[in-house]
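Asks: from the sequence below, what's the structure:
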Amino acid sequence: MLITKNPNDLKTHFLHGAVFAYPTEAVYGLGCDPINETAVMRLLEIKQRPVNKGLILIASDFSQVESFLKPLNKDQLAFTQPSETTYIYPANPNTPEWLTGDFESLAVRITKHPLVRKLCETLDSALVSTSANLSGDEPARTAEDVKNALDGLIDIIIDGETGDLDKPTEIRDSISGQIIRAN
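Replies: Presented below is the predicted three-dimensional model:
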């Protein structure tokens with residue numbers, strides 16, 4: 001397993017389906033290329049998460065996720081700025097089911113986290129983002145926690161600091177404003 005602080009080290013691995021861990025606003029996330037079905041299915045297998053639950057995409061800019069979504073209204077467009085909140089938007093019908101699960105929507109966060117922003121910019125892509133842990137276990141908060149929990153299962157750990165949140169990001173519906181998961 002490669003442990004690095006440099007997002008450039010991930011480029012080639014990302015294109016070849018790597019599953020990796022990286023720090024987010026509160027915990028370490030597990031990620032991969034969202035359009036690589038094999039990588040996403042491997043990530044779900046590692047995490048022991050059923051595909052029907054759907055996943056979050058994290059991006060540095062709305063343009064990295066726009067093609068996965070139906071056109072947004074004016075109110076929804078206000079949520080496309082960097083924040084520490086994940087929003088659920090209506091998914092484009094062409095968005096792969098391995099991302100949406102049983103839903104006609106997709107959870108998206110335009111991140112404020114500097115390292116994740118750099119990672120998305122370096123890879124010129126949104127990333128799958130789910131907590132770095134086996135389903136039911138506590139999420140990892142450090143690179144060392146990730147190594148202890150997932151050694152031999154993932155390819156790379158991007159070593160860095162998580163953000164200031166105590167709990168994973170809040171999730172809100174972009175249409176109703178309803179809180180799906182509180183922070």
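Asks: only C-alpha atoms for contact and neighbour calcs from this point on.
Replies: OK.
Asks: and the regular element (helix or strand) spanning residue 45, average pLDDT?
Replies: Using DSSP states H and E, residue 45 falls within helix 37-47. Mean pLDDT, helix 37-47: 97.
Asks: so for the residue located most distally from the centre of the chain, what pLDDT did the model give?
Replies: Here the centre of the chain is the reference, and by Cα atoms, centre = their mean the most remote residue is residue 74, at 24.6 Å. For residue 74, the pLDDT comes out at 93.
Asks: that older thread, buried residues, the helix holding residue 45. List them.
Replies: 37, 38, 39, 40, 41, 42, 43, 44, 46, 47 (16 or more other Cα atoms under 10 Å).
Asks: rebuild these as a markdown table, extending it with distance to residue 96.
Replies: Formatted as a markdown table, those follow (distance: Cα to Cα, whole Å):
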| residue | distance to residue 96 |
| --- | --- |
| 37 | 8 |
| 38 | 12 |
| 39 | 13 |
| 40 | 11 |
| 41 | 12 |
| 42 | 15 |
| 43 | 15 |
| 44 | 14 |
| 46 | 19 |
| 47 | 19 |
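Asks: quick check, nearest of the residues you listed to residue 27?
Replies: residue 47 (14.8 Å; Cα to Cα).
Asks: the closest one touches residue 136, doesn't it?
Replies: No: counting by Cα atoms under 8 Å, residue 47 stays clear of residue 136, with 9.4 Å between them.
Asks: keeping just the C-alphas, turn the helix or strand that comes right after the helix holding residue 45 into CSV.
Replies: Later in the chain than helix 37-47, the nearest helix or strand by DSSP H and E is strand 56-59. Provided in CSV are the C-alpha atoms of strand 56-59 (Å, rounded to 0.1, in the frame of the first residue of the first chain):
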residue,chain,number,x,y,z
ILE,A,56,-21.7,10.5,-2.5
LEU,A,57,-19.6,12.3,-5.1
ILE,A,58,-17.2,14.9,-3.9
ALA,A,59,-15.8,17.6,-6.2
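Asks: list the buried ones in the helix or strand following strand 56-59?
Replies: On the C-terminal side of strand 56-59, the closest following helix or strand by DSSP H and E is helix 74-77. Using 16+ other Cα under 10 Å as the test for burial, helix 74-77 gives residue 76.
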